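Engineer: Sequence and predicted structure are below.
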Amino acid sequence: MDIVQIEAGHTIEMYVSPDCPYCAEAIAHFNARGIAYETYDAQNDPEMRRRMFALTNDDPTVPAILIDGTYVQSGWGSPPRG
């Protein structure tokens, strides 16, 4: 799934770090397209970090992105970086 081209109507969740420039790029992208999303602070909230690691098979790369409840990728850009 190409998350850059995703249309509104999907549930998007992102596990982020507040200082991560790739997280900021993903957020700006979805904001510019008017696509709603939910963010979780995986850096400062230990429970969110544990949830992210469970979803990503312990990959610490952010943003970790879920579409409609399914983990899609970690990182942002082409290729994804984070």
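Structural biologist: Received it, and whenever you're ready, just let me know what you need.

Engineer: Give me the mean pLDDT for the helix or strand containing R50.
Structural biologist: Applying DSSP states H and E as the criterion places R50 in helix 46-56. For helix 46-56, the per-residue pLDDT values average out at 97.

Engineer: next helix or strand past that helix?
Structural biologist: Note on helix 46-56: by DSSP H and E, the next helix or strand toward the C-terminus is strand 64-67.

Engineer: which helices and strands does that following strand pack with?
Structural biologist: Here strand 64-67 is seen to pack against strand 12-16, helix 46-56, strand 70-74 when contacts are counted using 3 or more Cβ pairs under 8 Å, 6 or more residues apart in numbering; DSSP states H and E. (C-beta placed from N, C-alpha, C; glycine too.)

Engineer: For that strand, output the C-alpha coordinates as CSV.
Structural biologist: C-alpha atoms of strand 64-67 as CSV (Å, rounded to 0.1, in the frame of the first residue of the first chain):
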residue,chain,number,x,y,z
ALA,A,64,5.5,3.6,12.7
ILE,A,65,2.3,3.7,10.6
LEU,A,66,-0.9,1.7,10.8
ILE,A,67,-3.6,1.9,8.2
